[in-house]
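In: coordinates for the following, if possible.
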Amino acid sequence: MQILRFMTSKQQIKHIGIILDGNRRWAKKRGLPTLLGHKRGYEIMNKAAKWCARRGVGILTVYAFSSENWNRSEQEVNYLMDLFRQALGEKNIEKINQESIRIKIIGQIKRLPKDIQQLAAEAERKTKNNKRMIFNIGISYGGRPDIVEAVKKIINKKIPAKKITEDLINKNLWTQGQPDPDIIIRTSGEQRLSNFLTWQSAYSELFFIKKNWPEFTEQDLDEVISEYNQRGRRFGQ
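Out: Predicted coordinates for the structure are as follows:
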């Protein structure tokens, strides 16, 4: 098992996306308040960033709060916002700096409380020179809104239709020209992408894990990488 844990990827993994699903189910199974499931999920999210960085992954994108999650109860939304305040707070950002990880917040930033917008901007500023890995945190993120905003940006730039290319759209997404994810992982057994990286996931290798997100481990990540290395990516060829 130690060999599996520290193996290197045969294929260079530039980008991993993770749908952090099953926090509430994890808590319910244990007779705990559902909000504690989100707290545990937040802790695993932080660990996953370090696991990916230590494996040479260039970019990690997590689906932390979808554009549809605003429809949840006020209590749950407020609790999640408090977790984001913690994630973007000075203490946690200092730990991320120690790992040389760069933070980028993607999503409908203007829908977030003002203080979180400020924390997000400050976290991005403080980590902008870190080179080891980019950590995209999707907050109020949705794949379709991402595409809509990219189209609006292109229209505002008055770019003629004949000059609109896939590359141009890619450069105007919230991920701003980053390579598409090689791997997308979804926990909790659900087998759909649920509006996550809709444009970017066209050729991603998909992994659906039965475990709920708070149960996800470093070994699970290595097992995904091991299976990825056995798959042949042909990109339609």
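In: now do the same for residue 16: helix, strand or coil?
Out: Of the three states, residue 16 takes strand under DSSP: H, G, I helix; E, B strand; the rest coil.
In: burial of it, as a residue count?
Out: Residue 16: 28 surrounding residues under other Cβ atoms under 10 Å. In short, each C-beta sits where N, CA and C put it, glycine included.
In: what residues are bridge-paired with it?
Out: Beta-bridge pairing for residue 16 (DSSP bridges): residue 60, residue 183.
In: which residues touch it?
Out: Contacts for residue 16 (Cβ atoms under 8 Å, 6 or more residues apart in numbering) come out as 52, 57, 59, 60, 61, 181, 182, 183, 184, 185.
In: I'd like to know which of those are buried.
Out: Among the contacts of residue 16, those that count as buried by neighbour count (16 or more other Cβ atoms under 10 Å) are 52, 57, 59, 60, 61, 181, 182, 183, 184, 185.
In: just those residues now: which is nearest residue 90?
Out: Nearest to residue 90 among those: residue 60, at 21.4 Å, using Cβ to Cβ.
In: I'd guessed the closest one sits against residue 135; true?
Out: Yes - assessed by Cβ atoms under 8 Å, residue 60 is found in contact with residue 135 at 5.3 Å.
In: anything in contact with each of those two?
Out: What both residue 60 and residue 135 touch, as defined by Cβ under 8 Å, 6+ apart, is the set residue 49.
In: hang on, the earlier thing: adding pLDDT and distance to residue 71, write the contacts of residue 16 out as JSON lines.
Out: Formatted as JSON lines, the contacts of residue 16 follow (pLDDT from 0 to 100; distance: Cβ to Cβ, whole Å):
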{"residue": "52", "pLDDT": "98", "distance to residue 71": "30"}
{"residue": "57", "pLDDT": "98", "distance to residue 71": "32"}
{"residue": "59", "pLDDT": "98", "distance to residue 71": "29"}
{"residue": "60", "pLDDT": "98", "distance to residue 71": "26"}
{"residue": "61", "pLDDT": "98", "distance to residue 71": "22"}
{"residue": "181", "pLDDT": "98", "distance to residue 71": "26"}
{"residue": "182", "pLDDT": "98", "distance to residue 71": "31"}
{"residue": "183", "pLDDT": "98", "distance to residue 71": "29"}
{"residue": "184", "pLDDT": "98", "distance to residue 71": "23"}
{"residue": "185", "pLDDT": "98", "distance to residue 71": "24"}
